[in-house]
Structures are given as C-alpha cells and as structure tokens.
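Novice: pasting a predicted model and its sequence here:
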Amino acid sequence: MTKLMGGETHGGFISWYESLQSNNILFMFKGDFNQELVNSIVQVVSGLTDMLEEDVLVKNRVASTIIECLQNVCRHGESPEEGSILKPGIILLRKTKTAYILDIGNSLVTKEVGALQEYIDRLNGMDNDELRSFHKDVLVKTELFGKFGADLGLINIARKARKGFNYGFKEIDDQYSFFSLEIEISVNGEQDKS
Amino acid sequence: MEAIILKGTYDTPDVILNAEQGVFEISGRSYPEDTAEFYIPILEWINKYVDNPNSDTKFTFKLDYFNSSSYKPFLDILVKLGKLNANGNSVTIKWYYKDGDWDIKEAGEEFSEIVDVPFTYATF
C-alpha cells in the first residue's frame, strides 16, 4: 500500500515514477532545446550506455542518433507560442532486452507535415543497400552548407535504425502540429551488420 | 603557410593542419552547432595548401562520431585533396575507426567510393 505524506499530487508523482520504472525509461527531458543542452544530454546518455557496457557500435549509434534528432529539433522545430524563438521538444529513451528505443517529439508548422511524412515513408520503404546508395546520391548532390542537411540527417538515422521509423503527427492548433518519431536501435549491432 | 591548430571541444574536433611538419589530422567528435562557421576556415586553408602542396600528403581522419552536416565539408576536403594526385603529388587518407565501430568504417568506405584518393584503414 502506498503511504501518502503529501496528498494526491504527490501520489501522482509516485505512480508516474512507477510507470517510468515499468517502461524501462533510462532518460527523459522535456523543454527547450539548444546545442549546449544537446551536448549535456549526449554526455549523460553516453554515461548510461557505458555503465550498461554496450559495445562501441551500439553506443555510438545511440549517441549519434540523439545528436541528429535533437539538432533537427534545434534547427527545424517551431514554438507554437507567438513570437517565440524557443525550440520546445521532448526526448525519451528506454531500453528493452533487444533494443534502445528513442522517442523524439517537437512542434512544427503543419504545412510542412505532408513533405516530411512523404520523405519518411520513402525512407521506410528502402532496405539497407538502397539507403546506402540514396545517402551517397544526396551527399554528392547536396550543396556545401546548403539546405539539404536535414535530408541527409534522416537518411543517417534510418540507416542506424534498420527497422524503419514509427512516427505520428497531431494538430496542436490551426497552424502547428506535434511531430513524434520513434527509432529503435538494436543492441545486436554486429549481427545486423552482416 | 601558417598552421591551423584547434583544440577540440565536446562538439568540435581537434584539428591540426601543419604543412611544414606534414601533419594533417581531424580527430574527435564533429557535430558543431554551426558547421559552416567551423569548417570554412579549414576549407580555405586546404584550398591554399593544394596550390602549394608537399610532395606527399597523409591526411588523417580519426573520429568518434560526426553528424550529417559534417559529411559535406569532409567530402569537400577529400575532393580538394584529390587534385593533388592528379597534379603528380601523392596523397593518402588514413581513416581510423574505433575497433568494432563499423558505421564509421563504412562512412570512410563510402567517401572513398566518391573521390579518387587512396584510403587506408586502421583502428584506434
């Protein structure tokens, strides 16, 4: 039985903690993202994967996927608050027996949803070899410091995810939507490679 | 030619470009907030170096990881260095990866398929 010392609110906190425990949440953060925060998060998560004695391939896949996703939020995220330059978002990392599962959410302008959805579906439809050659094509065609960086980023994430993305969009208001992306990184990295 | 020596930070690599001593190396992590700001001086240095190069250049990449925005400046460096071979000088890319990090190794192999420069691979 839960013994409550702080009333209902605190009881909510305890059940929330239990839910984090039962879902194997390793790390979560919700707030406004910037590069310094990305660095701190990568540092914390690298410490966790060190502690769990993951091999270098898995550790670096987790770290580089987080970097790619959060830098996308920093660059392309939009705050629904009028006039705000903040980049609100959420990151949640959990671990199952076979994989790290990374969920990233942020808001964006609804009119960008169609193109993004189309692009993700296209990547989801490709196997590893197709992703590899598509990556090379985009890399060669991309202008130096041009605007196609995000395209390359998503291809990179897709190649590390192997199983493709789960994603969702939900309209927040008439202008903005919440976008969520789920990426699974297998702990049997070497096995995937063959 | 004045050397570039940059101490790495959490998101930018160590860079040594020293023609006099024949040391050319990018190592560590590369995912700067502003990729252009970080790499433009490096690309400009390489441009000048290619006009007046050493007869033999060994350029080392030794990275823990790098983001997608770093791919293009890396490719640009490799394309510029590729001109050395065409001009009768020799250039080799020494591509290091952490033992077991096949993603970084594969990134090197992909670059080598795009540019006309010999790569050697080693672990660190």
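Specialist: Looks like it came in fine.

Novice: got the buried residues for the helix ranked longest in chain A?
Specialist: Of all the elements of type helix in chain A, the one with the most residues (DSSP state H) is helix A:56-76. By neighbour count, with 16 or more other CB atoms under 10 Å in any protein chain shown as the criterion, the buried positions of helix A:56-76 are A:56-74, A:76. Every residue, glycine included, has its C-beta placed from N, CA and C.

Novice: report the mean confidence score over whichever helix in chain B runs longest.
Specialist: In chain B, ranked by residue count with DSSP H as the criterion, the top helix is helix B:68-86. Mean per-residue pLDDT for helix B:68-86: 93.

Novice: tell me which other helices or strands it touches.
Specialist: Packed against helix B:68-86, as judged by 3 or more CB pairs under 8 Å, 6 or more residues apart in numbering or on different chains; DSSP states H and E, are the following elements: helix A:128-141, helix A:149-161, helix B:35-51, strand B:56-66, strand B:90-97, helix B:102-114.

Novice: just checking: what are the partner strands of the helix or strand following the last one?
Specialist: I take that to be helix B:102-114. Using DSSP states H and E, the helix or strand that follows helix B:102-114 towards the C-terminus is strand B:119-123. Here strand B:119-123 has these sheet partners by DSSP bridges: strand B:90-97 (parallel).

Novice: contacting residues around the strand it pairs with?
Specialist: Around strand B:90-97, the neighbours that count as contacts under CB atoms under 8 Å, 6 or more residues apart in numbering or on different chains are B:27, B:55-63, B:78, B:81-82, B:84-85, B:104-105, B:108, B:111-112, B:117-124.

Novice: then stretch A:29-37?
Specialist: Outside of stretch A:29-37, the residues that reach it under the criterion CB under 8 Å, 6+ apart are A:41, A:70-71, A:73-74, A:77, A:79, A:86-91, A:106, B:11, B:33.

Novice: quick revisit: quick one: buried residues of the longest helix of chain B?
Specialist: Within helix B:68-86, the residues scored as buried using 16+ other CB under 10 Å are B:68-78, B:80-85.

Novice: now do stretch B:111-124
Specialist: For stretch B:111-124, a neighbour-count test (16+ other CB under 10 Å) marks B:F111, B:S112, B:V115, B:V117, B:F119 as buried.

Novice: confidence score at the spatially closest residue to A:L20 that is not a sequence neighbour?
Specialist: Closest residue in space to A:L20, ignoring its immediate chain neighbours: A:M28 at 7.6 Å, by CB to CB, 6 or more residues apart in numbering or on different chains. Reading off the confidence values, A:M28 has pLDDT 95.

Novice: next: A:W16.
Specialist: A:W16 carries a pLDDT value of 88.

Novice: Throw the buried residues of stretch B:111-124 into a markdown table and include pLDDT, thanks.
Specialist: Converted to a markdown table, the buried residues of stretch B:111-124 look like this (pLDDT from 0 to 100):
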| residue | pLDDT |
| --- | --- |
| B:F111 | 97 |
| B:S112 | 97 |
| B:V115 | 95 |
| B:V117 | 94 |
| B:F119 | 97 |
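
Novice: closest to chain A out of the residues you listed?
Specialist: Distances from the buried residues of stretch B:111-124 to chain A were compared by CB to the nearest CB; the smallest belongs to B:F111, at 8.8 Å.

Novice: surely A:L108 forms part of a strand?
Specialist: Yes. Counting by DSSP: H, G, I helix; E, B strand; the rest coil, A:L108 is part of a strand.

Novice: quickly list what it is bridged to.
Specialist: Here A:L108 sits in beta bridges with A:S177, as judged by DSSP bridges.

Novice: isn't it up against A:H76?
Specialist: Yes. Taking contacts as CB atoms under 8 Å, A:L108 lies within contact range of A:H76: 6.6 Å.
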